[in-house]
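>>> What would the 3D arrangement of this be:
(3 chains)
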Amino acid sequence: MDVYSFLEAVRQKKPLVHHLTNWVTIYDCAQVVKSLGASPVMAHAPEEVADMAGLSSALVLNIGTLTSEFIESMKIAARAANKKGIPVVLDVCGAGATTFRDQKSFELLKSARVEIIKGNASEVARIAGRDVRTRGVDAAAVREDLGEIASLLANERDCVVAVTGEEDIVADPRSVFVVRNGHEMMARVVGTGCMAASVIGAFAGASPDRLSEAAAAGLACYGIAGELAAEECAGPAAFKERLMDRVFQLTADDVVTLQKVSP
Amino acid sequence: MDVYSFLEAVRQKKPLVHHLTNWVTIYDCAQVVKSLGASPVMAHAPEEVADMAGLSSALVLNIGTLTSEFIESMKIAARAANKKGIPVVLDVCGAGATTFRDQKSFELLKSARVEIIKGNASEVARIAGRDVRTRGVDAAAVREDLGEIASLLANERDCVVAVTGEEDIVADPRSVFVVRNGHEMMARVVGTGCMAASVIGAFAGASPDRLSEAAAAGLACYGIAGELAAEECAGPAAFKERLMDRVFQLTADDVVTLQKVSP
Amino acid sequence: MDVYSFLEAVRQKKPLVHHLTNWVTIYDCAQVVKSLGASPVMAHAPEEVADMAGLSSALVLNIGTLTSEFIESMKIAARAANKKGIPVVLDVCGAGATTFRDQKSFELLKSARVEIIKGNASEVARIAGRDVRTRGVDAAAVREDLGEIASLLANERDCVVAVTGEEDIVADPRSVFVVRNGHEMMARVVGTGCMAASVIGAFAGASPDRLSEAAAAGLACYGIAGELAAEECAGPAAFKERLMDRVFQLTADDVVTLQKVSP
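Numbers count the residues shown, from 1 in each chain, chains lettered A, B, ... in the order given. Here you go, the predicted model:
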């Protein structure tokens, strides 16, 4: 897979990526999109989300600090995105932690078409109907094969499913990609999971006709930036800064040499 | 213009700058005010905004992640600021992107006196009645002369208008300042526009009788810090950190040597 | 006091620390908990806060950007925490600045059991009934002896009271600890006060049977990280990054050598 061509598409098309995301990592979601060369916009008022989605090339929804009202705005935005034909990414952040998160996730999936479901192992397992309990927003162990769960969910909902973790898995109804880029320091930093969803949004917005490859390419680029960043620092805060800047600086050579994506 | 004297006024008076701002860049708005030697406070509950404005030396409003309720709190805060006689800065963040933002911006301008309107080229052009479309929160090209638009708007509303961009323009009904400080890296970082409004708020709060000069001096100091920071780093995240710290460290010599403000 | 054993307890038990906190410093509150080796989760919807508190080992409430609705969610979360028997930390951020903050603080203290009240000098003095006026969220001078105020409040409410400042004071109904760690750079950074409450939450969650010692140990470790960070940087933004990473890297040797906690 030519991962770099997907990054080039982001840099050339500079997609506007509309987010309704959480208040913890909202800045980082915006900055990672900007570091990629794309444009972020964050807007959640019910009166404007449809207009903003209408200006955009992708929509990223993240339920990290959800409320009932916020979910209603997400539904309006997602329906507008569906109407315009731009990809919708849903980060089911914290699914499996509370009943409320589970219910609202299923409500969202029912109320509009979601092209890419993204989460960590226990979040995705929960959305796939497994009886797991996420530890707040940190993944809990899942006993089954994650690739299989992702594939079944992708088939059931006819969408792309991206599971982030030590290895990232991207499944669509026909194929499964495994991305072996990344670094364990990413798990020590708050927001790397949310940023992954924003990265997927930017790549999907730039290559809307090849969604699963775009998602896998986005996760590979992001993981490569993480590997490069980890060489240069010892702690999570310095790492996050370097990660943002390595995303900004990624070269064709970095990507071609380091990409580890298997179909 | 003696730019440094305005920075000294901020450092000596340490104005309390009350913000109702957006959730994306709220931390950076607070920290840049603190780095200047002033005091930030963020508060938006309708029950307390008037009291908080009553303790403060300036009020900064930023509609970046507006909702209808949030705008109502802004109105209460702005009227309290007017009553106390402290300057109100309105960052029309994203005006021109959606009808809702335009309407709410005009509503705010109607409901209280705003001393300083701040935005990028297309945001300000939209508030001046031009038919432009902002790209989310990123400026779109404006064909007319920006100095002229700013002057006309300053005259029409009898206020100061600050347009940020490659060159910053600060217009009041009688004069126009052009600030040629800054660095293109600032456009790669999420929040530099919002931070500019907070900087203007701190300078306006310390020199409330000379608002257009204070705004121009604030933008010059901020731009100089940006120039110094850019020499020391390659990526946007490292740059933002250095920018904050260069704001904190600015010396009289930095400011006198590097200021590029023309009346 | 064996400060390091409390840090070890955090690292071994990795308590989940549920926050309802403010929008300014929410990221930093989460990251400092993660840097300590614990797990943060931020959730405020009234429909889920009881469930989330039920998964957690400590609850941290911070009224920095309060609204009436947000306080209602805090009450639900605090009652669930009481029911589960996990410690509740209340950061009375900005108490003394507006009547609304004072009222809501007292309302919270009345509606559920709070194990640890945390604030700066004027915030705590206000909660103890003194007639002081906080400057936004920055401490105002308090003329009385802070140790005495803290002790009286701890007795009156039968809880732990932590006052942060140049010296930190931790009082319970029987004893007072003074923590002389920390660095003046911490006062130049937005969010260090909020992060202190989150640190206390993590330590309290890991050692729920020794709350005042846990709070003092947490503040000592945090202050030591600040001292180490200050040696390595000149400005507040670089300092914050180093602070986060020094929290992550703290060794037994750092803690044993540098701790300054007196009973």
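>>> interface residues of chain A facing chain B?
A:16, A:18, A:23, A:26-27, A:30-31, A:34-35, A:39-45, A:47-48, A:51-52, A:55-56, A:240-246, A:248-249 (C-beta under 8 Å from any C-beta of the partner chain). C-beta coordinates here come from the backbone N, C-alpha and C atoms, glycine included.
>>> ends of stretch A:180-187, how far apart?
15 Å (C-alpha to C-alpha, to the nearest Å).
>>> meant to ask about stretch A:243-262, not that
End-to-end for stretch A:243-262, by C-alpha to C-alpha: 23 Å.
>>> Ok, stretch A:103-118 next?
Terminal-residue distance, stretch A:103-118 (C-alpha to C-alpha): 16 Å.
>>> Check the average confidence over that stretch, would you?
For stretch A:103-118, mean pLDDT is 98.
>>> Which residues does it contact?
Contact partners of stretch A:103-118, identified using C-beta atoms under 8 Å, 6 or more residues apart in numbering or on different chains, comprise A:61, A:63, A:66, A:68, A:71, A:74-75, A:78-79, A:81-82, A:87-92, A:95, A:124, A:127, A:153, A:157, A:159-164, A:196-197, A:200, A:204, A:211, A:215.
>>> about what we covered before: from the residues of chain A next to chain B, which would you call buried?
Among these, those buried by neighbour count (16 or more other C-beta atoms under 10 Å in any protein chain shown) are A:16, A:18, A:23, A:26-27, A:30-31, A:34-35, A:39-45, A:47-48, A:51-52, A:55-56, A:240-246, A:248.
>>> among those residues, which are in helices?
Within these, residues falling in helices by DSSP state H are A:26-27, A:30-31, A:34-35, A:51-52, A:55, A:240-246, A:248.
>>> helices or strands up against the one helix or strand in chain A whose mean pLDDT sits lowest?
Here the helix or strand of chain A ranked lowest by mean pLDDT, DSSP states H and E is strand A:261-262, holding a mean of 94. In terms of contacts (3 or more C-beta pairs under 8 Å, 6 or more residues apart in numbering or on different chains; DSSP states H and E), strand A:261-262 is packed against strand A:176-179, helix A:211-230.
>>> so what's residue A:196 up against?
Taking C-beta under 8 Å, 6+ apart as the test, what residue A:196 contacts is A:118, A:162, A:164, A:168, A:218, A:219, A:222.
>>> List just the nearest of those to residue A:8.
Nearest to residue A:8 among the contacts of residue A:196 is residue A:218, at 12.5 Å by C-beta to C-beta.
>>> Could you report the distance from the closest one to residue C:154?
52 Å (C-beta to C-beta, to the nearest Å).
>>> Report the entries of the residues of chain A next to chain B that also contact chain C.
A:23, A:27, A:241.
>>> Just give me the closest of those residues to chain B.
Among these, residue A:241 lies closest to chain B (C-beta to the nearest C-beta), at 4.3 Å.
>>> who's in contact with that closest one?
Residue A:241 makes contact with A:233, B:237, B:238, B:241, C:241, according to C-beta under 8 Å, 6+ apart.
>>> so where do the strands sit in the stretch 51-200 of chain A?
Ranges of strands in the stretch 51-200 of chain A, per DSSP state E, counting those that start in this stretch, are A:58-62, A:88-91, A:116-120, A:160-164, A:168-171, A:176-179.
>>> dump the residue contacts of the closest residue in space to residue A:72 that isn't next to it in sequence.
Distance criterion C-beta to C-beta, 6 or more residues apart in numbering or on different chains; nearest residue to residue A:72, sequence neighbours excluded, is residue A:46 at 6.3 Å. Residue A:46 makes contact with A:69, A:72, A:73, A:76, according to C-beta under 8 Å, 6+ apart.
>>> let's see 7 Å
A:72, A:73, A:76 (C-beta atoms under 7 Å, 6 or more residues apart in numbering or on different chains).
>>> Also residue A:24?
By C-beta under 7 Å, 6+ apart, residue A:24 lies in contact with A:64, A:65, A:190, A:191, C:26, C:27, C:30, C:42.
>>> same question, residue A:208
By C-beta under 7 Å, 6+ apart, the contact set of residue A:208 is A:86, A:87.
>>> where does it land on pLDDT?
Reported pLDDT for residue A:208: 98.
>>> For chain B, see how far away it is.
Distance, residue A:208 to chain B, using C-beta to the nearest C-beta, to the nearest Å: 18 Å.
>>> Correct me if wrong: residue A:222 contacts residue A:197.
No - counting by C-beta atoms under 7 Å, residue A:222 does not reach residue A:197; the two are 10.4 Å apart.
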